[in-house]
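K.L.:
Below are the sequence and a predicted model for it; my questions follow.
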Amino acid sequence: MQSFTSLCSVVNQMEPLRLLNHMFLPREYLRQRVVKNFREFLANVIIVDGGLQRVFVAEAQLAQLQRHSSNRPTTTDDGHHY
């Protein structure tokens, strides 16, 4: 999670990039991707086989995702795990 936070911080400070006749805003691109992925994740957790899951099932899946993401080793720029 710390890596994602660092990425967001750096992207937020980036200046817009001009590509041919188009202005590319890294901050807006990252925001759109995060929102899209979150919506897809929620749709997969909440809606199964055309029906809604019970709240405790969705909560269990969210908790499992949280445990999975907190168990992943994080690496610093110099390759050390923390």
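P.N.:
Alright, I've got the coordinates. Residues are numbered from 1 along each chain as shown.
K.L.:
just for this protein, where's the confidence low?
P.N.:
Applying pLDDT under 70 to the chain flags residues 1, 69-82.
K.L.:
hmm, 90 instead?
P.N.:
Counting by pLDDT under 90, the chain has low-confidence residues at 1-17, 19, 21-31, 34, 37-82.
K.L.:
The protein: strands as residue ranges?
P.N.:
In the chain, the strands defined using DSSP state E lie at 17-19, 22-24, 47-48, 51-52.
K.L.:
Parallel or antiparallel, which strands does the third one pair with?
P.N.:
Strand 47-48 sits in its sheet next to strand 51-52 (antiparallel), going by DSSP bridges.
K.L.:
circling back: tell me the most buried of the strands of the chain?
P.N.:
strand 47-48 (a mean of 12; mean count of other CB atoms under 10 Å). Where C-beta positions appear, they are placed from N, C-alpha and C, glycine not excepted.
K.L.:
returning to that earlier point: closest to Val10 out of the strands of the chain?
P.N.:
Val10 lies closest, by CB to CB, to one member of the strands of the chain: strand 17-19, at 13.9 Å.
K.L.:
for that closest one, packing partners?
P.N.:
If contacts are counted by 3 or more CB pairs under 8 Å, 6 or more residues apart in numbering; DSSP states H and E, strand 17-19 sits against strand 22-24.
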